[in-house]
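1. Got a sequence here, can you build the structure:
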Amino acid sequence: MTSISIIGIGNMGSAITGIAAKSGASVQVVGRDQEKVDALAAGTGATAALFGAPLTGDIVVLAVPFGAVEEILATYGEQLGGKIVVDITNPVDFSTFDGLVVPADGSAADVIAAAVPTAKVVKAFNTTFAATLASGSVGTGTTTVLVAGDDQDAKDAVIAFVTAGGVNAEDAGSLKRARELESLGFLQISRAARDVIGWTGGFAVAK
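-> Below is the predicted model of the structure:
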């Protein structure tokens with residue numbers, strides 16, 4: 001059975017937990033607020049854990065803002081070695097909403113991969129809003145999660161639990177494509193922040 005640890009119990013973490021639970025995986029949710037962690041676990045059948053507790057998943061989803069990644073790596077860096085680490089972050093400069101806080105030729109996923117070189121880093125979920133993950137749809141189409149990474153088996157494992165959880169997933173290529181995915185995520189966030197689109201909408205993938 002696939003085992004997944006999800007660090008973060010906000011809107012994105014909750015939505016991804018729902019997908020992971022629907023996939024039939026063994027799910028651990030990790031957060032700082034005991035009451036909220038317990039509530040999310042009870043509602044999805046996941047196991048609750050407070051931040052700092054050992055990770056039980058072979059797949060670890062970092063469902064947190066980019067600014068929280070440094071502390072997670074400091075706390076869990078050794079445990080992440082050899083695991084599939086899913087980066088969902090969009091490193092937006094929220095002080096200006098006019099750019100990203102990583103180099104133009106880099107990505108948040110690159111930062112994580114450099115910090116934990118033995119982990120199999122996968123970029124996913126950053127081009128979808130929590131509402132479209134939870135509902136499973138964008139407009140009239142099914143929500144699609146774009147997945148990038150250098151380890152094919154790791155990407156396939158993420159794609160497998162996402163699709164088993166009721167939404168679509170597409171292989172977006174190597175981890176270098178995280179740059180484009182983060183740019184797409186930034187564009188979508190900036191449009192929603194200006195009320196051009198709703199937080200229940202976003203970009204869709206049609207074939």
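2. What ranges does this structure have for its strands?
-> 3-7, 26-31, 47-50, 59-62, 84-87, 120-123, 137-138, 141-142, 144-149, 168-173 (DSSP state E).
3. and the angle for the second one with strand 3-7?
-> Taking axes from the mean of the first three to the mean of the last three C-alpha atoms, to 10 degrees, strand 26-31 and strand 3-7 form an angle of 10 degrees between their directions.
4. Surely residue 31 and residue 6 touch.
-> No. Using C-beta atoms under 8 Å, residue 31 is not in contact with residue 6; the gap is 9.0 Å. Yep, even glycine has a C-beta here, placed from its N, CA and C like the rest.
5. So between the two, which is more surrounded?
-> residue 6 (31 against 24; other C-beta atoms under 10 Å).
6. For the more buried one, which non-adjacent residue is closest in space?
-> residue 61 (4.5 Å; C-beta to C-beta, 6 or more residues apart in numbering).
7. any idea how far the residue nearest the centre of the chain lies from residue 23?
-> For the chain, the residue nearest the mean C-alpha position is residue 88 (3.1 Å; C-alpha atoms, centre = their mean). Using C-beta to C-beta, to the nearest Å, residue 88 is found at 16 Å from residue 23.
8. residues in contact with residue 181?
-> 107, 123, 126-127, 146, 148, 172 (C-beta atoms under 8 Å, 6 or more residues apart in numbering).
9. and it, how far is that from residue 109?
-> On the measure of C-beta to C-beta, residue 181 and residue 109 end up 8 Å apart.
10. returning to what we had before: as TSV, the strands of the chain with distance to residue 205 and mean pLDDT would be great.
-> Below are the strands of the chain laid out as TSV (distance: least, C-beta to C-beta, whole Å; pLDDT from 0 to 100):
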stretch	distance to residue 205	mean pLDDT
strand 3-7	23	98
strand 26-31	26	98
strand 47-50	32	98
strand 59-62	21	98
strand 84-87	19	98
strand 120-123	15	98
strand 137-138	9	92
strand 141-142	8	92
strand 144-149	4	98
strand 168-173	6	97
